[in-house]
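Asks: Sharing a sequence plus its predicted fold:
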Amino acid sequence: MSAGSVQQFQESLSRLDTPSTVVTPEEFETELAEIIEPPAVGAELAFDGHSLSGLPVTLGPSPSQLREATTGVTGSRLSIASLGTVVVESSTDGDEFVALYPEFHVVVVKESEIRSTLSEAFEWLRSEFAAGRQSFVLATGPSSTGDMGALVQGVHGPERVHIVIVRDDE
């Protein structure tokens, strides 16, 4: 994906009051460790070259660890630059719970997984559905609702979100 897509993604995230950090593969672990607020839980990242195993993150958390966690860390194999949206796959590793339960969600995105538009994202989703992967959560910014009058964040998911964009190896 082009640097323009990263910039467009960050601009969309900024409009959603969602901070983002762009890192090189070499900076990944150090930067992520600084962003995480313990106690943290996570689901192993679904792309090669990066892992949460060296970080202060409990992988495969129990229900009690999930309840006690401040931070949940997941990966996203698809992001939509024009919307500031990340796509978290529901899996047996608990990605969905890790993404939605803690008050702070940190999402790791690879630069090459950012699509510019919703149309491009639908092409990716069609191929995933054809491969039998059919359960995804599309998240845009912190959880919020206006059902009760004023906008309230964190009612149905995390109050805060931070996106870590990992540059592709050059």
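Replies: Thanks, I have it. Numbers count the residues shown, from 1 in each chain.
Asks: May I have the residues that are in contact with residue 57?
Replies: Residue 57 is in contact with 36, 40, 41, 42, 71, 73, counting by Cβ atoms under 8 Å, 6 or more residues apart in numbering. C-beta: built from backbone N, CA, C; applies to glycine.
Asks: now do 6 Å
Replies: 40, 42, 73 (Cβ atoms under 6 Å, 6 or more residues apart in numbering).
Asks: And the closest residue to it other than its chain neighbours, what's its pLDDT?
Replies: When the adjacent residues along the chain are set aside, residue 57 lies closest to residue 42, with 4.0 Å between them (Cβ to Cβ, 6 or more residues apart in numbering). According to the prediction, residue 42 has pLDDT 95.
Asks: what are the phi and psi angles of residue 42?
Replies: Phi and psi for residue 42, reported as degrees, to the nearest 10, are phi -160, psi 170.
Asks: Residue 49 versus that one, what's the distance?
Replies: Note on residue 42: its distance to residue 49, by Cβ to Cβ, to the nearest Å, is 16 Å.
Asks: neighbour-wise, which of the two wins?
Replies: Neighbour totals were compared for residue 42 and residue 49, and residue 42 leads with 31 against 11 (other Cβ atoms under 10 Å).
Asks: residues in contact with the residue most central in space within the chain?
Replies: For the chain, the residue nearest the mean C-alpha position is residue 107 (2.5 Å; Cα atoms, centre = their mean). If you count contacts by Cβ under 6 Å, 6+ apart, residue 107 has them with 74, 76, 86, 163.
Asks: Same question for residue 116.
Replies: So residue 116 contacts 5, 81 (Cβ under 6 Å, 6+ apart).
Asks: Now do it against residue 7, distance only.
Replies: Taken as Cβ to Cβ, the span from residue 116 to residue 7 is 11 Å.
Asks: repeat for residue 82
Replies: 12 Å.
Asks: Looking at those two now, which is surrounded by more residues?
Replies: Each of residue 82 and residue 7 has its neighbours counted (other Cβ under 10 Å); residue 82 has more, 17 against 12.
Asks: how many neighbours does the closest residue to the more buried one other than its chain neighbours have?
Replies: Nearest residue to residue 82, sequence neighbours excluded (Cβ to Cβ, 6+ apart): residue 117, at 5.4 Å. The number of residues packed near residue 117 is 14, by other Cβ under 10 Å.
Asks: and which of the contacts of residue 57 is nearest residue 31?
Replies: residue 73 (12.4 Å; Cβ to Cβ).
Asks: The closest one in helix, strand or coil?
Replies: strand (DSSP: H, G, I helix; E, B strand; the rest coil).
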